[in-house]
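In: show me the folded form of this:
(2 chains)
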Amino acid sequence: MKKIHWIILGILFVITLVLEFTVLAGYDSHWWNAIPAFYAIFGFVMCYALVYSAKFIAKKIVNRDINYYD
Amino acid sequence: MIEILAIPGVILLIGAALLSFFSEKLRPALFLIFPLLAAAVIILRPEGYSVTGSLLHYDLVLMQTDSLSNLFGIVFALGAFVAGVYAFHMKELGQQICALGYAGGALGVVYAGDLLTLIIFWEIMAVASTWLIWAQRTPETDAAGMRYLIYHILGGGLLFAGILWHSVVAGSIAVETIPMEYTPANILMLLGVAINAAVIPLHTWLSDAYPKATLTGTIFMSIFTTKTAVYVLIRMFAGWELLVFFGAAMAIYGIYYAVICKDMREILSYHIISQVGYMVAAIGVGSELAVNGAAAHAYNNILYKSLMFMAVSAVMYSTGTSKMFHLGGLYKKMPWVLGLYVVGGLSISGIPLFAGFVSKGMVIDAAGYGGYETIMLVLLVASVGTWLSVGLKLPYFTWFDKQDYEGELKPVPLNMYIAMGILAFACVFYGIFPNALYTFLPFETDYQPYTVYHLVEITQIALLTFVGFWLLRKKLAPELTTVLDLDWFYRKAAPATRLVFVQKVDTFYGRVEDGIQASARYLSGKFQNPMRWLNPFTDEENEASSYSPAMEVVMSFILLCFLIFAIIYFL
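Out: This next block holds a predicted model:
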């Protein structure tokens, strides 16, 4: 990832935030719409939660040697 | 008669039978003609068209068309055609016949108007698809194919038992919506279909067998079995609330394994379970939007999931491995395959302008507005996992991560690129023009996926998940492992399973047989001469030839009575 890629992603993110606080300011169909930047927080937190919990499950329960069933 | 031969499923079965008469050179081209013929029949037949027949005293509806069966029919025919293009270089007769027969079974199921026709095509699918695993011809795939077949025979048996029971109780064998009542017949049918839909915990046949099938066989498998089951669920079990929770559980379960697994085909196989979970959950919600969403998601899923399997199989064809541990740095050498995979990856992750954005949006909205907000959030977590596992992790560790791939590469045949190109085009087309898909959906809809809310929602999730992935990517680095699943219970525990379910049962039946024979011997010894009972006060042998005339009269009279009773009873 080069710097320019991060800048593009950053600009995209800022656009979504601007839209959220202008066009979608009065939008309320689910309880979580009241939380600012909910979907961004959700994506980031869930990504971390998934990776760490999957890693935990893999290590503690499901991962075995490659020739386990042979 | 001619109508029966022109049923889409039958066309492909005839094709499968005819293939063996043609030379190796002609066969791949001939293979493509039959799905096109089937598609032509589907387009030409008006909605409501039906073909009837009879078997014993059952009236069969061999083919019945409406928008739902046409939706699946078209995409199955298209799928068989594109998979045929992808397998154009493959000359093995057995695989060609079975692949076409398998597609024929699937098409037969979606047009079956009655349950007996349905179960026949259902079983054809199970048997034909097994060969696509066995054709690998290794001890490992032999065993996996057998496990797959046994699982599907069990599923087919449950479904058939349910159908027979249902036909007695309900007096009908029509394929129609069943009211949500947990009667034994309904439960048996639901279990049979759930096995093919890979509903957890009945999913292990899929994750066990799909990664072991042949390179081209996996493409066919990813298209037909689970999606026909989704079709039957929509047809018969729409609105069964239980499915909402099982669907959501599947979506998450599949995602976890897709994140954990390090083999490209395993990742995609587990991811099928997750995607079918969305459909199953939507079917459980049962509203018009939900059923439309399930159908649209099945349709789109066939397009992008087979595209991803094709790209991954192309990498396997070229490198000889599906383990990401041995891959990485392929972006300079296989840029086109990467590009085509990414189209599939963006579609399945529901990124705007790609097909998945529309159908996934429908399913998630249907859950949210159908009173299942928690389920909606669970499905959103699965979306995060989809983007993380098949959208980012798989391509990153296959095409990037290292500077350059150092192993030998076999050139990928042109036909593979053409097949992937067709599907990639379809993914973008249906993403930009969702109305083209709406015309096929079971209910009329003017669903608008491109709203500011949706765009903000998916962009924020995708961006921040990407950031998360980038920061944690080292944690997901490939390694060589076997990942255990519930199939452990029947694979590792095979000796114990054999002891309990085969040897013990065998011993039990052996004992019972011995007992029956011994008692028969005892009774026949005792009753061989009734005179010994009737005249116990003598030591004489009581030979029949020495009976007194009086005794003969009595015996004859008894026999005559039996005869008269028998005549009266039967007349």
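In: least confident secondary structure element in chain B?
Out: Sorting the helices and strands of chain B by mean pLDDT, DSSP states H and E puts helix B:531-534 at the bottom, at a mean of 71.
In: buried residues of it, list them for me.
Out: For helix B:531-534, the neighbour count (16 or more other CB atoms under 10 Å in any protein chain shown) marks residue B:531 as buried. C-betas here are computed from N, CA, C, even on glycine.
In: can you name the element that comes right after that helix?
Out: helix B:549-570 (DSSP states H and E).
In: pLDDT averaged over that following helix - what is it?
Out: Taken as a whole, helix B:549-570 has a mean pLDDT of 89.
In: got the CA coordinates for that helix in PDB?
Out: C-alpha atoms of helix B:549-570 as PDB (Å, rounded to 0.1, in the frame of the first residue of the first chain):
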ATOM      1  CA  PRO B 549     -60.700 -94.600  10.400                       C
ATOM      2  CA  ALA B 550     -62.400 -92.600  13.200                       C
ATOM      3  CA  MET B 551     -59.300 -90.400  13.600                       C
ATOM      4  CA  GLU B 552     -59.000 -89.900   9.800                       C
ATOM      5  CA  VAL B 553     -62.600 -88.700   9.800                       C
ATOM      6  CA  VAL B 554     -61.900 -86.200  12.600                       C
ATOM      7  CA  MET B 555     -58.700 -84.900  10.900                       C
ATOM      8  CA  SER B 556     -60.500 -84.600   7.500                       C
ATOM      9  CA  PHE B 557     -63.300 -82.700   9.200                       C
ATOM     10  CA  ILE B 558     -60.900 -80.200  10.800                       C
ATOM     11  CA  LEU B 559     -59.200 -79.600   7.400                       C
ATOM     12  CA  LEU B 560     -62.600 -79.200   5.700                       C
ATOM     13  CA  CYS B 561     -63.600 -76.600   8.300                       C
ATOM     14  CA  PHE B 562     -60.400 -74.700   7.600                       C
ATOM     15  CA  LEU B 563     -61.200 -74.800   3.900                       C
ATOM     16  CA  ILE B 564     -64.800 -73.600   4.300                       C
ATOM     17  CA  PHE B 565     -63.700 -70.700   6.600                       C
ATOM     18  CA  ALA B 566     -61.000 -69.800   4.100                       C
ATOM     19  CA  ILE B 567     -63.500 -69.700   1.200                       C
ATOM     20  CA  ILE B 568     -66.100 -67.700   3.200                       C
ATOM     21  CA  TYR B 569     -63.400 -65.200   4.400                       C
ATOM     22  CA  PHE B 570     -62.000 -64.600   0.900                       C
END
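In: find the nearest non-adjacent residue to the residue nearest in space to the middle of chain B, please.
Out: Residue closest to the average C-alpha location in chain B (CA atoms, centre = their mean): residue B:225, at 2.6 Å. The shortest distance from residue B:225 to any non-neighbouring residue, by CB to CB, 6 or more residues apart in numbering or on different chains, is to residue B:196 (5.6 Å).
In: for chain A, what is the nearest residue in the stretch 451-571 of chain B?
Out: residue B:468 (3.1 Å; CB to the nearest CB).
In: that residue: neighbouring residues, count only.
Out: 23 (other CB atoms under 10 Å in any protein chain shown).
In: same deal with residue A:28?
Out: The number of residues near residue A:28, taken as other CB under 10 Å, comes to 9.
In: pretty sure the residue of the stretch 451-571 of chain B closest to chain A sits in a helix.
Out: Yes - secondary structure assignment places residue B:468 in a helix (DSSP: H, G, I helix; E, B strand; the rest coil).
In: could you pull out the strands for chain A?
Out: Assigned by DSSP state E, the strands in chain A fall at A:63-64.
In: tell me which residue is most central in it.
Out: residue A:43 (1.9 Å).
In: for residue B:287, see how far away it is.
Out: Per CB to CB, to the nearest Å, residue A:43 is found 27 Å from residue B:287.
In: which residues of the stretch 301-450 of chain B lie near chain A?
Out: Counting by CB under 8 Å from any CB of the partner chain, the positions of the stretch 301-450 of chain B adjacent to chain A are B:368-369, B:373, B:376-377, B:380-381, B:384-385, B:388.
In: what's the most distant pair in those?
Out: B:369 and B:388 (26.3 Å; CB to CB).
In: the two: which is more packed in?
Out: residue B:388 (27 against 16).
In: the more buried one against residue B:465, yeah?
Out: Yes - using CB atoms under 8 Å, residue B:388 is in contact with residue B:465, at 5.8 Å.
In: for the two, list the residues in contact with both.
Out: residue A:47 (CB atoms under 8 Å, 6 or more residues apart in numbering or on different chains).
In: right, and chain B sits closest to which residue of chain A?
Out: residue A:47 (3.1 Å).
In: please name the nearest non-neighbouring residue to that residue.
Out: Nearest one to residue A:47, counting by CB to CB, 6+ apart, is residue B:468 at 3.1 Å.
In: repeat that for residue B:438.
Out: Nearest one to residue B:438, counting by CB to CB, 6+ apart, is residue B:445 at 5.5 Å.
In: quick one: secondary structure of that neighbour?
Out: Assignment for residue B:445 (three-state DSSP): coil.
In: can you pull the contacts of the residue of the stretch 451-571 of chain B closest to chain A?
Out: A:43-44, A:47-48, A:51, B:388.
In: for residue B:50, give me phi and psi.
Out: phi -140, psi 150 (degrees, to the nearest 10).
In: that one and residue B:60 touch, don't they?
Out: No - at 10.4 Å, residue B:50 does not count as touching residue B:60 under the criterion of CB under 8 Å.
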